[in-house]
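K.L.:
Need coordinates for the following:
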Amino acid sequence: MDGYGQFCPVSLAAEIFARRWTPLIVRELLEGSTRFGELREGIPSITPSVLSRRLEELAVAGILERREDADEGTRYVLTESGEALRPVVEQLGLWGRRWLPSEYRDQDLDPRLLVWDIHRNIRLEAVPRRLLIELRFRDASPGRRAYWLLLAPGGADVCLTHPGGEVDLNVTSDVRTLTQVWMGDVDWAQALRRGTLELTGPADLRRALPTWLKLSPFATAPTGPRATDSDSVPNQV
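P.N.:
Numbering: from 1, shown residues only. The predicted structure is shown next:
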């Protein structure tokens, strides 16, 4: 690994943390991903070879441990050193939310990543029973247009093909609108009034859906350079 040739702790830390893809890998590990496939779901643009290389670098640096389990296979688990990066990642996200343009570029709108983020930020204790939710994106390419969330009080799963059974609730939107809702830029009621977001299904489920979703951990963070200094660090990455 190339270094900067400086003894400064910022330089030494940047040699590890500032490598391309590494902050996103640490973000995913902090979010609870431990499997290679889960990491790729959270970072769909990374290649398997690069992900393998970065994971090895993080293991050598003592930021994660690779654990082998006879039943569960390989897991990647943050060490105490890795967990200590949580406030760094949180502050990086807060800085990006506050100081960078909030208008999302088309190339940054990824429906699969959006659904993956949504599924792991659900108030499962509020889900009354097993539910199947279909999310359909009008403007996505044909292979990335439909996803299914299988929710139950004990967990949530993302399905790329219909898992069978009756769909309880349909969510139809364009990718940008649901991203804006997820990021807290537009609320559910506003998107529904505009007609850019549609919910189809029983009235009680349509009313309850917004209460099940936690939204992005950065949804309540101030945006733009005129945001106040009373920023609060989100309680999750």
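
K.L.:
what sits against the residue nearest the centre of the chain?
P.N.:
Geometric centre of the chain, nearest residue: D117, 3.2 Å, by CA atoms, centre = their mean. With contact set as CB atoms under 8 Å, 6 or more residues apart in numbering, D117 has these partners: G42, W182, S216. The way it works is simple: take the backbone N, C-alpha and C, and place the C-beta from them, glycine included.

K.L.:
Next, work out how far apart the first one and T179 are.
P.N.:
Okay, so that is G42. In this view, G42 and T179 are 15 Å apart by CB to CB, to the nearest Å.

K.L.:
In this structure, mark out all the strands, start to finish.
P.N.:
64-69, 73-78, 131-137, 146-152, 155-159, 169-173, 197-200 (DSSP state E).

K.L.:
Helices along the protein, start to end?
P.N.:
For the chain, the helices defined by DSSP state H cover 9-17, 22-30, 36-42, 48-60, 80-83, 86-99, 111-119, 175-182, 188-194, 203-212.

K.L.:
can the ones you listed go into JSON lines with extra columns for mean pLDDT and distance to L132?
P.N.:
Output for these, formatted as JSON lines (pLDDT from 0 to 100; distance: least, CB to CB, whole Å):
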{"stretch": "helix 9-17", "mean pLDDT": "92", "distance to L132": "39"}
{"stretch": "helix 22-30", "mean pLDDT": "97", "distance to L132": "26"}
{"stretch": "helix 36-42", "mean pLDDT": "94", "distance to L132": "19"}
{"stretch": "helix 48-60", "mean pLDDT": "97", "distance to L132": "30"}
{"stretch": "helix 80-83", "mean pLDDT": "97", "distance to L132": "35"}
{"stretch": "helix 86-99", "mean pLDDT": "93", "distance to L132": "31"}
{"stretch": "helix 111-119", "mean pLDDT": "93", "distance to L132": "13"}
{"stretch": "helix 175-182", "mean pLDDT": "95", "distance to L132": "18"}
{"stretch": "helix 188-194", "mean pLDDT": "94", "distance to L132": "20"}
{"stretch": "helix 203-212", "mean pLDDT": "93", "distance to L132": "11"}
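
K.L.:
Which one of those lies nearest to D2?
P.N.:
Each of those was scored for nearness to D2 using CB to CB, and the closest is helix 9-17 (7.8 Å).

K.L.:
got a markdown table for the strands of the chain, with mean pLDDT too?
P.N.:
Converted to a markdown table, the strands of the chain look like this (pLDDT from 0 to 100):
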| stretch | mean pLDDT |
| --- | --- |
| strand 64-69 | 92 |
| strand 73-78 | 94 |
| strand 131-137 | 97 |
| strand 146-152 | 95 |
| strand 155-159 | 93 |
| strand 169-173 | 97 |
| strand 197-200 | 96 |
